[in-house]
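Asker: Build the 3D model from these lines:
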Amino acid sequence: MNAANLPCPLWRRLVALVYDLLIVVAIVMVVGLLCQLATGGKLIATGTHAMVPLWYQALQCVVVAAYFVASWRRGGQTVGMRPWRIRVSRDDGGTISLLQAVVRVSAAAAPMLLLALEPTLGLHTTLWAVLAAWALWFGVALFDPRRRALHDIAADTEVRRLPAS
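Answerer: As a prediction, the model looks like this:
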């Protein structure tokens, strides 16, 4: 079996995700700056509790999701996946469809919905719950024969190692 057909080990995926986290932070900062400029610096209402508008949260979600969807559709790799020579693909190695990309990013982001529990659980507990959910999401890859995480199973995709150039 050549390297292009080998499933990607979980540790490589997680390191690539750390790289992508840096890109996501930059995207969120740019969108935040543009929204602050557009609202005259009144984007987030402060007081006893900061209030972030729902439209702003939705915009950030759409922009971050678009980064991943566009990257996976345009070559199967995000910026973080490139140095680690890994690629998301269909079973046959082809580029994933738009629907697969949307399902994959939605399933991968699903633990973020736990953030809605913050007023009840508190920030500390909520963040641990999100982290635990993501550990479960990715932990599935340790037992799946094709090393697919939960979002890969949901979208019928897989992450493979690319041969060294």
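
Asker: which stretches of this protein have low pLDDT?
Answerer: In the prediction, the chain carries residues with pLDDT under 70 at positions 1-4.

Asker: Can you pull the phi and psi angles for Pro145?
Answerer: Backbone torsions for Pro145, taken as degrees, to the nearest 10, come to phi -60, psi -30.

Asker: okay, now it: neighbour count?
Answerer: Around Pro145 there are 6 other residues, counting by other Cβ atoms under 10 Å. Glycine gets a C-beta too; all of them are placed from N, C-alpha and C.

Asker: For the remainder of this discussion, apply numbering that starts at 726.
Answerer: That works, and once the first residue is 726, the last one we named lands at Pro870.

Asker: Report the separation between it and Ala833.
Answerer: Going from Pro870 to Ala833 by Cβ to Cβ, to the nearest Å gives 20 Å.

Asker: do Cys733 as well
Answerer: From Cys733 over to Ala833 the distance is 15 Å, taken as Cβ to Cβ.

Asker: Could you check which of those two has the larger neighbour count?
Answerer: Neighbour count, other Cβ under 10 Å: between Cys733 and Ala833, Cys733 has more, with 25 against 21.

Asker: Just give the nearest non-adjacent residue to that one, would you?
Answerer: Counting by Cβ to Cβ, 6 or more residues apart in numbering, the nearest residue to Cys733 once its immediate chain neighbours are dropped is Val884, at 4.2 Å.

Asker: ok, Gln802 - how many residues close by?
Answerer: 20.

Asker: Tell me who's in contact with it.
Answerer: In this structure, Gln802 makes contact with 796, 811-813, judged by Cβ atoms under 8 Å, 6 or more residues apart in numbering.

Asker: I'm done for today, thanks for sticking with me.
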